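Participant: got a sequence here, can you build the structure:
(4 chains)
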Number of protein chains: 2
Amino acid sequence: MGRIKTDNNHTRREVIIANAAVLFKEKGFKAASMRELAEVVGVEAASLYNHIHSKSELLHIICFEVANRYMQTMDEIEVETTASIQKIEKLLRFLITGMVLQYDEVYVSDREWKHLSEPYLSNFQSQRRTFRKRFAAIIELGIKKKEIKKIDAPTAVLILLHAVSGIESWHRSKVKINGKELEENMIAILVGGLKK
Amino acid sequence: MGRIKTDNNHTRREVIIANAAVLFKEKGFKAASMRELAEVVGVEAASLYNHIHSKSELLHIICFEVANRYMQTMDEIEVETTASIQKIEKLLRFLITGMVLQYDEVYVSDREWKHLSEPYLSNFQSQRRTFRKRFAAIIELGIKKKEIKKIDAPTAVLILLHAVSGIESWHRSKVKINGKELEENMIAILVGGLKK
DNA sequence: TAATGCAGCTAACAAGTGTTAGTGTATTTT
DNA sequence: AAAATACACTAACACTTGTTAGCTGCATTA
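Facilitator: Next comes the predicted model:
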């Protein structure tokens, strides 16, 4: 009888969630099975249910952990009194480091949220929309203050967010520059593309 | 007994493929079932197999149709004698209009290729890598010729490609600018971000 | 020591999956 | 008109899926 290994800092539940994130990232939510997850964790599939309620619970834990972090950061940056372009840069750096360091969860939240079940699905979508609107509002203000070139703000948001999620490719590539360099390059191109 | 409706320009097979692209886009390859596809097409699931060999065949037809178009365009642009920055702009415009007009197939090829089965999977991945390397080489040359700011070329490619695939969000959004405006905005930001 | 609860196990379920076999009917070709 | 082909159907298969029930052993507490 093998028990789930726990670092003293993490519960068995958390170990399961972390491994689920990796598995969902690699195979996609639908293609990943509980039996596979169990094997990774080192236990029989049925045993997982001593710690979690369902497969879909795993997904929504992962998605909302990320979503909440995003919202919290948006709250913090929004109230700052710095220039718009600086807010954008700060937001971007947060998103980039998130994608570099918490790759699995962010990736899953980004690509697999479609498989959330109600009411989580609606909730998640609305959070996502809100985040983008607030992001666009910051850009809009920057345009008004002539810090930023005259562009369609929602389009800019779309570009920025998806460019960041492209860090997935960086993870996958064999020869890669280090994380900090990646960040600086991305900032150069993206912020450079916005500035007037 | 309902037959699959065909415009005179399309075979029943093509109708199935087109509907599969939409379905795979909406639900993901794994979550989409042949019975669902059959219902959309207006027929029983088993009947589909008079026209196609398997579910996975549908996926690789879709993926390689897109991949081939990409490669062909790369061939054409590569041999042109224009400046690098113009080649990049041309390539971007091609990618953007593709994403606007052949949304379903491009989206599926972009997000669901993981579920390809061998040997198609390896083949696709290698095509994808090649495309990016050739794209990066164009950028590299532009940097050497001082048309483009000094950045990491693979990172730039990553940003450009994923920014384009972000057009998915534009499709999903309710209030959206038209396709041509979208294209111009994206070019402004992305090409602007590269220029020295 | 006895009792409690955590956390694993096996076995089984109901539902859904892609796919094949075999059959009949409509359409096209001869 | 007859023959051949294309294309739909029903029924069933083997398999995988998430999940539950019920049981056993270990560790901690009373």
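Participant: contacts only, for the residue nearest to the spatial centre of chain A.
Facilitator: Centroid-nearest residue in chain A: A:Val106, 2.7 Å away (criterion: CA atoms, centre = their mean). Taking CB atoms under 8 Å, 6 or more residues apart in numbering or on different chains as the definition of contact, the neighbours of A:Val106 are A:Val66, A:Gly98, A:Met99, A:Ser165. C-betas here are computed from N, CA, C, even on glycine.
Participant: and the pLDDT at the last one?
Facilitator: Think A:Ser165. Predicted confidence (pLDDT) for A:Ser165: 95.
Participant: ok, it - how many residues close by?
Facilitator: Counted with other CB atoms under 10 Å in any protein chain shown, the neighbours of A:Ser165 add up to 19.
Participant: please apply the same query to A:Arg3.
Facilitator: Counted with other CB under 10 Å, the neighbours of A:Arg3 add up to 9.
Participant: what separates it from DNA strand C, distance-wise?
Facilitator: Applying CB to the nearest atom of the strand, to the nearest Å, the value for A:Arg3 to DNA strand C is 4 Å.
Participant: which parts of chain A sit against chain B?
Facilitator: Contacts of chain A with chain B, taken as CB under 8 Å from any CB of the partner chain, map to A:27-28, A:30-31, A:111, A:114-115, A:132, A:149, A:151-152, A:154-156, A:158-159, A:161-163, A:165-170, A:173, A:176-177, A:181-182, A:185-186, A:188-194.
Participant: wait, A:Thr155 touches B:Leu182, no?
Facilitator: Yes: in terms of CB atoms under 8 Å, A:Thr155 counts as a neighbour of B:Leu182; the distance is 6.1 Å.
Participant: more crowded one of those two?
Facilitator: Neighbours per residue (other CB under 10 Å) separate A:Thr155 from B:Leu182, with A:Thr155 holding more: 26 against 21.
Participant: how about that one, nearest residue that isn't a chain neighbour?
Facilitator: In space, A:Thr155 comes closest to B:Asn185 once its chain neighbours are excluded; the distance is 4.3 Å by CB to CB, 6 or more residues apart in numbering or on different chains.
Participant: what strand or helix carries the one you found?
Facilitator: Following DSSP states H and E, the helix or strand that holds B:Asn185 is helix B:179-194.
Participant: and that helix, which residues are buried?
Facilitator: Of the residues in helix B:179-194, those scored as buried under the neighbour-count criterion (16 or more other CB atoms under 10 Å in any protein chain shown) are B:Leu182, B:Glu183, B:Glu184, B:Asn185, B:Met186, B:Ala188, B:Ile189, B:Leu190, B:Val191, B:Gly192, B:Gly193, B:Leu194.
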